[in-house]
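A.B. asks: Okay, here's the prediction I keep looking at, along with the sequence it came from:
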Amino acid sequence: MKNIFTALILLHLGTYGLSQLTYEEILFQELPKATTIDFDNQGPDYRPSLQLIEGPSQTPKRLQRIKEISARKFPKQYNLTSPPTKRLSDPPENLGGFDGNTTDGSDPEDNHLAISNDGQVISVVNSSIGIYNENGDFIRERTLASFTAGLSNGLSKFDPRIIYDPENDKFIFTCLAGSNSNSTNVIIGFSETNDATGTWNMYEITGNPRGDDTWTDYPMISITENELFLTGNLIFDGIPWQTGFSESLVYQINKYDGYNGEPLNLKLWNNIEYNGKPIRNLYPVKSGGATLSNRQYFLSNRNFALSNDTIFVLEVTGELNSQDAELIIDVRTSDTEYGAPPVANQPQGNLLETNDARILDGYLLDDRIHFVGNTVNQTTGFADVYHGTVNNVMTDKLVTANLLGNSNVEYGYPAMSWTGDVESDDECIIIVNHTAVDKNPGITAYYYQGSTGYSDPVEVREGRSYMDQLGNRWGDYAGCQRKYNEPGIVFTSASYGGFSNSALTYINKISKPQISSSTESNDAYNSITRAYPNPTYDYYNLSFEVNKKEVVTIELYDAQGRLVEQLYKDYPKKIGLLEFSFSTIPLSNGTYYLRTIIGNNQMPIEKLVKVSR
């Protein structure tokens, strides 16, 4: 169903030196609320899922040709050190994490995350929305279909995004519904309170605003002091997104209308072209700190290029009802080139697709934008992460950049958040997905500080196996958000290779260096922090904390108290928050008990139930 608006359409043409930016501005009025939903009382969740079991290659020929040319131009050079970047910063501290959303095998996961000041974590993936407390205790989970019941019923729901508003202590959610011009919608939800398990005001915008043969793909969101910005790409029916791209859109929305459940007033910026060509993948830059900016910038690049240094910086100069608001552009040249990344290596000869070189995440703070995206490392030939900075955003917009990786390990799908205390602190944490011929897909973190550069990488989640999914899609994006009332702390969400060669979600808490020292005495007790999943059919995780180096013994008993297996007895390599996992596939269905002894202290016995898949 297409939404009908009252619209005022304006055509703009701006000249910047010898270049031109053209666009249309459409003001929509009074988009009514579609429904109000209660997360806790949405009725039964039938968990609908339609999966591709067998089919042709999922890499369109255009992108495949680009990667083949790139592989010849920049062959992978093993054991080669790329030009050095400054690495004098201390590493970030991994404060532990937990497995997130239940997977249905969706490919890719499309991880995104938000955390409130009260510590409520919302993790979204292509199949579901999960809610936890910051210690990893499960609260609620629903499929996207169940959460958005009553909206675009019967259509596939995908590409979810979530953002936390630190000034209003509320959440905003969006996802897409349908991938055909006759059935395409953008769903937006505004939480009424800071409790995501409560009520949400839900809205539905047509994904085909031109009324032709296009549909909306790949949404991205950001918030300013008073508004929500949502971008997306229009794709022609029946053509892969790589070759079927038509244009990128920007929606500008009064967020308070959504919080209050009132009809939305919104503006659409479309037909955005530079020198007669559409600008692709407009990333809306998020605010770095808890005080939201009243300015909204967008970044783009030439994401399919083999090698390029162009960065587009755009800005909407006024709020929704401003008569003088414009969309303006600055085109800048970076000191470091980027390019479409190569296919990434996995163990046992398996590969992972890496998409293109679009900008994936970034933030604005103190007249500076930091941003990250995928790229090829032209020295080593490996998939890498491009970390760029736009300095002096209000004036000359000088762009500089570095690459994070080296040879042998492939990087992709980065996300980032600011970790400073005051706006002048030029520092952040960057997370990346990693993989290699001898390393299963997992998650790595870096700390960056302007004067000392990067830290050494810290592996925050080791992969258990390679990913073996149809199409070998590695990802589209990851989640990373600052905990606004705890400076220096970020929460992240990304995928790693789990048991049975599937992609699983891992949610992690990471701090900047030297702020997470415990305020407790040195005699702090050992404790179990989480045991999951339960019931289980293929694996079981046990998270626990140790305060000194002592022998850890973990034993499995059956329901009759008989020892089934001594799973572990050794000193841990490190002290702190540890995670132990083991496969439950060899076990018969039934009840078991896990006994953990740290030194001379026995922890509470954990009961687990093994079930069939």
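C.D. replies: It's in.
A.B. asks: Residue 44 - how many residues pack around it?
C.D. replies: By the criterion of other C-beta atoms under 10 Å, residue 44 has 7 neighbours. Bear in mind the C-beta positions are built from the backbone N, C-alpha and C, glycine included.
A.B. asks: er, residue 41 I mean
C.D. replies: 9.
A.B. asks: mind listing what it touches?
C.D. replies: With contacts defined as C-beta atoms under 8 Å, 6 or more residues apart in numbering, residue 41 has no neighbours.
A.B. asks: Next: the one 4 residues further on.
C.D. replies: Shown in contact with residue 45 (C-beta under 8 Å, 6+ apart): 142-143, 145-146.
A.B. asks: before we move on, what about residue 181?
C.D. replies: Residue 181 touches 208, 212-215, 237, counting by C-beta under 8 Å, 6+ apart.
A.B. asks: If you rank the residues you listed by neighbours, which is first?
C.D. replies: residue 215 (26 neighbours).
A.B. asks: separation between that one and residue 401?
C.D. replies: In this view, residue 215 and residue 401 are 33 Å apart by C-beta to C-beta, to the nearest Å.
A.B. asks: what is the rounded mean pLDDT of stretch 397-417?
C.D. replies: Averaged across stretch 397-417, pLDDT comes to 95.
A.B. asks: got the buried residues for that stretch?
C.D. replies: Residues 397, 399, 401-417 are the ones in stretch 397-417 that count as buried (16 or more other C-beta atoms under 10 Å).
A.B. asks: re earlier: so which of the contacts of residue 181 comes closest to residue 445?
C.D. replies: Of all those, residue 445 sits closest to residue 215, with 35.6 Å by C-beta to C-beta.
A.B. asks: For the closest one, which residues are in contact?
C.D. replies: Contacts for residue 215 were tallied using C-beta under 8 Å, 6+ apart; they are 178-181, 184, 207-208, 234-235, 237.
A.B. asks: top of these by neighbour count?
C.D. replies: That'd be residue 207 among the contacts of residue 215, by other C-beta under 10 Å, with 29 neighbours.
A.B. asks: still on that earlier bit, of all the contacts of residue 45, which two lie farthest apart?
C.D. replies: Greatest spacing in those, by C-beta to C-beta: 142 and 145 (8.4 Å).
A.B. asks: Including pLDDT, could the contacts of residue 45 go into JSON lines?
C.D. replies: JSON lines is the format used below for the contacts of residue 45 (pLDDT from 0 to 100):
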{"residue": "142", "pLDDT": "94"}
{"residue": "143", "pLDDT": "94"}
{"residue": "145", "pLDDT": "93"}
{"residue": "146", "pLDDT": "94"}
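A.B. asks: Buried subset of those, written for PyMOL?
C.D. replies: To isolate in PyMOL the members of the contacts of residue 45 that are buried, counting by 16+ other C-beta under 10 Å, one can use:
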select buried, resi 142+143+145+146
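A.B. asks: how about low-confidence regions in the stretch 101-250 of the chain?
C.D. replies: Across the stretch 101-250 of the chain, the ranges flagged by pLDDT under 70 are 104-107.
A.B. asks: now the chain
C.D. replies: When residues are selected by pLDDT under 70, those of the chain lie in 1-19, 46-60, 82-84, 104-107, 469-471, 516-529.
A.B. asks: what residue is smack in the middle of it?
C.D. replies: residue 478 (2.1 Å; C-alpha atoms, centre = their mean).
A.B. asks: what about stretch 555-575, distance to the chain center?
C.D. replies: 36 Å (C-alpha atoms, centre = their mean, to the nearest Å).
A.B. asks: Span of that stretch from start to end?
C.D. replies: 20 Å (C-alpha to C-alpha, to the nearest Å).
A.B. asks: in it, what counts as buried?
C.D. replies: 555-557, 567, 572.
A.B. asks: do stretch 542-558 as well
C.D. replies: Buried residues in stretch 542-558 (16+ other C-beta under 10 Å): 542-547, 550, 552-557.
A.B. asks: Quick one: those residues as CSV, columns for distance to residue 245 and secondary structure too.
C.D. replies: CSV is the format used below for these (distance: C-beta to C-beta, whole Å; DSSP: H, G, I helix; E, B strand; the rest coil):
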residue, distance to residue 245, secondary structure
542, 46, strand
543, 43, strand
544, 49, strand
545, 49, strand
546, 52, strand
547, 54, coil
550, 58, coil
552, 53, strand
553, 57, strand
554, 52, strand
555, 56, strand
556, 53, strand
557, 58, strand
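A.B. asks: ok, back up a step: can you name the residues that contact the residue nearest to the centre of the chain?
C.D. replies: Contacts of residue 478 by C-beta under 8 Å, 6+ apart are 111-112, 360-361, 413-415, 431, 433, 492-495.
A.B. asks: Residue 160 too?
C.D. replies: Residue 160 touches 110, 112, 124-126, 129, 144, 173-175, counting by C-beta under 8 Å, 6+ apart.
A.B. asks: Which of these fall in helices?
C.D. replies: Judged by DSSP state H, the contacts of residue 160 include residue 144 as members of helices.
A.B. asks: Return the closest of the contacts of residue 160 with respect to residue 510.
C.D. replies: residue 112 (16.6 Å).
A.B. asks: Show me which helix runs longest in the chain.
C.D. replies: Taking DSSP H as the criterion, the chain has its longest helix at helix 61-73.
A.B. asks: could you dump that helix to PDB, C-alpha only?
C.D. replies: Written as PDB, here are the backbone C-alpha positions of helix 61-73 (Å, rounded to 0.1, in the frame of the first residue of the first chain):
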ATOM      1  CA  LYS A  61      28.900  -9.700 -12.700                       C
ATOM      2  CA  ARG A  62      29.700  -6.000 -12.500                       C
ATOM      3  CA  LEU A  63      31.100  -6.200  -8.900                       C
ATOM      4  CA  GLN A  64      32.700  -9.600  -9.700                       C
ATOM      5  CA  ARG A  65      34.600  -8.000 -12.600                       C
ATOM      6  CA  ILE A  66      35.700  -5.100 -10.400                       C
ATOM      7  CA  LYS A  67      37.100  -7.500  -7.800                       C
ATOM      8  CA  GLU A  68      38.800  -9.600 -10.500                       C
ATOM      9  CA  ILE A  69      40.600  -6.600 -11.900                       C
ATOM     10  CA  SER A  70      41.500  -5.400  -8.400                       C
ATOM     11  CA  ALA A  71      43.000  -8.800  -7.600                       C
ATOM     12  CA  ARG A  72      45.200  -8.600 -10.600                       C
ATOM     13  CA  LYS A  73      46.200  -5.000  -9.900                       C
END
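A.B. asks: what does that helix contact?
C.D. replies: Contacts of helix 61-73 (C-beta under 8 Å, 6+ apart): 57, 59, 240, 242-243, 304, 306-307, 339-343, 355-356, 376, 381.
A.B. asks: Mind giving me the PyMOL select for those, buried ones only?
C.D. replies: To isolate the buried ones among those in PyMOL, judged by 16+ other C-beta under 10 Å, type:
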select buried, resi 59+242+304+306+307+339+340+341+342+343+355+356+376+381
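A.B. asks: In strands only, show me the contacts of helix 61-73.
C.D. replies: When the contacts of helix 61-73 are checked against strands (DSSP state E), the matches are residue 376.
A.B. asks: Can you list the buried residues in the longest helix of the chain?
C.D. replies: 63, 66-67, 70.
A.B. asks: In the sheet, which strands lie alongside the helix or strand just after that helix, parallel or antiparallel?
C.D. replies: Once the chain leaves helix 61-73, the next helix or strand it forms, by DSSP states H and E, is strand 93-99. Strand pairing for strand 93-99, determined by DSSP bridges: strand 503-511 (antiparallel).
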